[in-house]
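Enquirer: How does the following fold in three dimensions:
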Amino acid sequence: MVEKVLSNRTLNRTLLARQHLLERTERSVPDMLDHLVGLQAQDVPPPFVALWSRVADFDPEVVSAGLDDRSMARITLMRGTIHLVTAADALRIAPHIQPQLEKIPFRKGFNYGATFGMDPEDVRARSEALLGDEPMTAADLRALVAAEWPDREPGPVLQALLYLLPVLQTPPRGKWKCNNRPTWSRIEAWLGSPLVRDYPVDDLVLRYLRAFGPASTMDVSTWSKLTGLKEVVERLGDRVRTYRDEAGRMLYDVADGQLAEPDVVAPVRFLGWYDNALLSHKDRTRIVPPDLQIPLGSLGGLPASMLLDGYVAGMYDVVTSADTATLRLASGRRFSRREVGEIEAEAMALLRFLEPDKTPVFLPL
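Expert: Residues are numbered from 1 along each chain as shown. Next comes the predicted model:
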């Protein structure tokens, strides 16, 4: 069978449609977290920006309430990074990701070899004894680690502990406007349920395709760091269909997946830093132009992306003073008057969301 070739622009518009970046959705926040298989939350603000850009009339207090009532969780998952997920996903995805996390602390060069010579099973057993069923701050854990391994640098060993044990971050960190230092807990103890160890990886891959597809097995691996994906997609049978991209690579998609029209209008969107829409494909050219060059010297250390016509066209940060909130935008290109108007309108709306008590200022650099 000869597979249909999908243009880069078709892949772009389909990704944006499935990410709800073409039009804000009325779906609830838990439903969006389920659909997107979580949101990148390595820092506190990004999942709020991600949801604001995707959900109509998004109320950030919904996330805060979800963390408090434990229906949502901040947990290390895909790519070894913190994600905001539903409690159900924390329990069923963690067992798939945990084996990959446990390899990280004992790789050659981890923290300049700080864990060299340590036995993983010994570290795991002693770590389990240190972290009981009650939440514990990173500072308290570090002190226990320093006493348990007095001949080791405690920081790297603490990181090893947090990779080896299925843990999550408890509130107040992660709530709206709350950047407290992390407090850690065992997943099962905090959520009051056992890990779901029989959740099919096939279902997880299908969910990825619904949110990010069509995609190659390398794309799925980039998103998840899972292995054995060729066997998984072969096992999916008629639950998936196949395409080719312009480079001839095989792409998989859910059988009922809808492709977006390549000429559909894509509005300006501001993403949080490390947004999964940008990081979940091996070939990122469906959303990041290959020749993109943006001067970042005038921005802060964690600039985030702006989409124009569906593709990254600028990077921004937000700086505040006592009275103002300023969105600074850096780009390697000139914008038309119409584009500037659209960018400024979305930027001002974002600032009113992030800093409602400050005067919003848009500053193209």
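Enquirer: tell me which residues of the lowest-mean-pLDDT helix or strand in the chain are tucked away?
Expert: One helix or strand of the chain scores below all others by mean pLDDT, DSSP states H and E: helix 120-130, with a mean of 89. In terms of neighbour count (16 or more other CB atoms under 10 Å), helix 120-130 has its buried residues at Val123, Arg126, Ser127, Leu130. (Each C-beta comes from the backbone N, C-alpha and C, glycine too.)
Enquirer: go on, stretch 195-203?
Expert: Leu195, Tyr199, Val201.
Enquirer: ok, now stretch 208-228?
Expert: 208-217, 219-226.
Enquirer: Endpoints of that stretch, how far apart?
Expert: Using CA to CA, to the nearest Å, the end-to-end distance of stretch 208-228 comes out at 15 Å.
Enquirer: Now do it: distance to the chain's middle.
Expert: 14 Å (CA atoms, centre = their mean, to the nearest Å).
Enquirer: which residues are contacting it?
Expert: 6, 11, 14-15, 18-19, 35-37, 78-80, 96-97, 100, 201, 204-205, 229-230, 233, 240, 243, 245, 249-254, 257, 259, 276-277, 279-283 (CB atoms under 8 Å, 6 or more residues apart in numbering).
Enquirer: which ones among those residues are found in strands?
Expert: In this view, the contacts of stretch 208-228 that belong to strands under DSSP state E are Leu6, Val240, Tyr243, Asp245, Met250, Leu251, Tyr252, Asp253, Val254.
Enquirer: Could you dump the residues you listed into JSON lines with pLDDT, neighbour count and distance to Val312 added?
Expert: Shown next, in JSON lines, are those (pLDDT from 0 to 100; neighbours: other CB atoms under 10 Å; distance: CB to CB, whole Å):
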{"residue": "Leu6", "pLDDT": "98", "neighbour count": "19", "distance to Val312": "20"}
{"residue": "Val240", "pLDDT": "97", "neighbour count": "22", "distance to Val312": "28"}
{"residue": "Tyr243", "pLDDT": "97", "neighbour count": "20", "distance to Val312": "23"}
{"residue": "Asp245", "pLDDT": "97", "neighbour count": "21", "distance to Val312": "19"}
{"residue": "Met250", "pLDDT": "97", "neighbour count": "15", "distance to Val312": "25"}
{"residue": "Leu251", "pLDDT": "98", "neighbour count": "22", "distance to Val312": "21"}
{"residue": "Tyr252", "pLDDT": "98", "neighbour count": "25", "distance to Val312": "25"}
{"residue": "Asp253", "pLDDT": "98", "neighbour count": "21", "distance to Val312": "23"}
{"residue": "Val254", "pLDDT": "98", "neighbour count": "18", "distance to Val312": "26"}
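Enquirer: of all these, which two lie farthest apart?
Expert: The span of these, defined through CB to CB, is set by Asp245 and Val254 at 16.9 Å.
Enquirer: so how far is Met250 from Ser216?
Expert: For Ser216, the distance to Met250 (CB to CB, to the nearest Å) stands at 6 Å.
Enquirer: and for the two, which residues touch both?
Expert: With CB under 8 Å, 6+ apart, Ser216 and Met250 have no common neighbours.
Enquirer: sorry, back to before: now the least confident helix or strand of the chain: how far from the chain's centre is it?
Expert: Per CA atoms, centre = their mean, the centroid offset for helix 120-130 relative to its chain is 29 Å.
Enquirer: Check stretch 241-256 too.
Expert: 24 Å.
Enquirer: start to end distance for it?
Expert: Terminal-residue distance, stretch 241-256 (CA to CA): 8 Å.
Enquirer: And the contacts of it?
Expert: Taking CB under 8 Å, 6+ apart as the rule, stretch 241-256 contacts 3-8, 11, 206, 209-210, 213-217, 233, 236, 238-240, 257, 283.
Enquirer: Sort out for me which of the buried residues of stretch 208-228 are in strands.
Expert: Among those, no member lies in strands (by DSSP E).
Enquirer: Give the next helix or strand downstream of the longest strand anywhere in the chain.
Expert: Longest strand in the chain, counting residues (DSSP E): strand 311-320. Under the assignment DSSP states H and E, the closest C-terminal helix or strand after strand 311-320 is strand 324-330.
Enquirer: Using neighbour counts, pick out the buried residues of stretch 185-194.
Expert: Ser185, Arg186, Ile187, Glu188, Trp190, Leu191.
Enquirer: does the closest residue to Leu130 other than its chain neighbours count as helix, strand or coil?
Expert: Using CB to CB, 6 or more residues apart in numbering and skipping the chain neighbours, the partner closest in space to Leu130 is Leu144 (4.8 Å). The three-state assignment at Leu144 reads helix, by DSSP: H, G, I helix; E, B strand; the rest coil.
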